[in-house]
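Engineer: need a 3D model of the following:
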Amino acid sequence: MQKITKAIVLRTIKYGDTSLIVKAFTASHGICSYLLRGILTKKRGKLNKAHFLPLSQLEIVATHKDKGNLERISEARVLYAYQTVHFDVVKNATVMFLSEFLSNAIQEESENKPLFEFMTHSFQWLDHHDKTANFHLFFLIKVSKYFGFYPSEKQIDSPFFDLVEGNFIYEQSLNPCIGSPEINYFKAILGTNFDGISEIKLSQSNRTALVKYLMLYYQFHLEGFRTPKSIHILNEVFS
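Structural biologist: Numbering: from 1, shown residues only. Model prediction:
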């Protein structure tokens, strides 16, 4: 039986000469993978390959029979048409990185409306604003709340953050820790909202180091998590 659901595209892989496999995070079924047969042919059907760019926000009509199998999409329409994220060099690098990050991080095959709504709001904010150099850092920290390991803000005046334990500490432990100077930026991002991220001034080296720490944080707390390969492109764009 086909059902209508909202979906955010995370990843596409070419399958054969004419088809795509699309991995998406759906509002109703969590992570799903779909086989779109013949979508790359010149003859257009009901599906348009342009709809399946990274982080595209769609409404789809799809079958969801058995988890773990490739499902089918019969119709798709754009729910929110991005104006800048796929055309601005910096934003596009951010989108490529975050789509790969989310593809690695989201593992649940079940509904998670709070996470879906956070992602929807976040990427629309990115599309609407110009000063977005710290967006990926803010997103990586804030989205950890929906995975269940948001940093504890107890003892936030401490000079170190233990990446394994997920809390602030007064003396550096044997675990990998965020220390000076990145700890100051980490605290600043924890204490702000989307509209405040442009006020946090980081050098390229600080930004690169903090991303590296956050990737370690996810590796410690999400089994099987892999750092996105596109992190190198992201760092290069901001250099």
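Engineer: can you tell me which strand in the protein is longest?
Structural biologist: The residue-count maximum for a strand in the chain (DSSP state E) belongs to strand 2-15.
Engineer: what mean pLDDT would you report for that one?
Structural biologist: Per-residue pLDDT over strand 2-15 has a mean of 94.
Engineer: that one: what's the following helix or strand?
Structural biologist: As assigned by DSSP states H and E, the chain's next helix or strand after strand 2-15 is strand 19-26.
Engineer: give me the distance from that following strand to the chain's centre.
Structural biologist: Between the centre of strand 19-26 and the centre of its chain there are 15 Å (Cα atoms, centre = their mean, to the nearest Å).
Engineer: quick one: the helices in this structure?
Structural biologist: With DSSP state H as the criterion, the chain has helices at 89-105, 113-128, 135-147, 182-190, 204-221, 231-237.
Engineer: save the ones you listed as TSV, and put in distance to Ala76 too.
Structural biologist: For the C-beta atoms, the positions are set from N, CA and C on the backbone; glycine is no exception. What follows is the helices of the chain, written out as TSV (distance: least, Cβ to Cβ, whole Å):
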stretch	distance to Ala76
helix 89-105	17
helix 113-128	16
helix 135-147	25
helix 182-190	35
helix 204-221	30
helix 231-237	27
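Engineer: for Ser28, find the nearest of these.
Structural biologist: helix 113-128 (9.2 Å; Cβ to Cβ).
Engineer: by contact count, what packs against that closest one?
Structural biologist: Judged by 3 or more Cβ pairs under 8 Å, 6 or more residues apart in numbering; DSSP states H and E, helix 113-128 is in contact with strand 2-15, strand 19-26, strand 57-63, strand 72-80, helix 89-105, helix 135-147.
Engineer: now the ones you listed in TSV, with mean neighbour count and distance to Arg226?
Structural biologist: Listed next are the helices and strands packed on helix 113-128 as TSV, based on neighbours: other Cβ atoms under 10 Å; distance: least, Cβ to Cβ, whole Å:
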stretch	mean neighbour count	distance to Arg226
strand 2-15	17	13
strand 19-26	21	14
strand 57-63	19	25
strand 72-80	16	27
helix 89-105	21	5
helix 135-147	19	15
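Engineer: skipping its backbone neighbours, what lies nearest Arg207 in space?
Structural biologist: Leaving aside its sequence neighbours, Arg207 sits nearest to Phe238 (Cβ to Cβ, 6 or more residues apart in numbering; 5.9 Å).
Engineer: next, the one you found: phi, psi?
Structural biologist: The phi/psi pair for Phe238 (degrees, to the nearest 10) reads phi -90, psi 0.
Engineer: neighbours of it, how many?
Structural biologist: 18 (other Cβ atoms under 10 Å).
Engineer: got the domain ranges for this structure?
Structural biologist: As assigned by automatic domain parsing, the chain contains the domains 2-80, 89-237.
Engineer: tell me the buried residues in stretch 158-176?
Structural biologist: Across stretch 158-176, burial judged by 16 or more other Cβ atoms under 10 Å covers Phe160, Phe161, Asp162, Leu163, Asn167, Phe168, Pro176.
Engineer: which one of these is nearest Leu70?
Structural biologist: Leu70 lies nearest to Leu163 out of the buried residues of stretch 158-176, by Cβ to Cβ, at 36.2 Å.
Engineer: next one: that closest one from Ala76, what distance?
Structural biologist: 39 Å (Cβ to Cβ, to the nearest Å).
Engineer: then Gln155?
Structural biologist: In terms of Cβ to Cβ, Gln155 sits 48 Å off from Ala76.
Engineer: on that earlier part again, and of the helices and strands packed on helix 113-128, who's closest to Leu202?
Structural biologist: Closest to Leu202 of the helices and strands packed on helix 113-128 is helix 135-147 (Cβ to Cβ; 7.9 Å).
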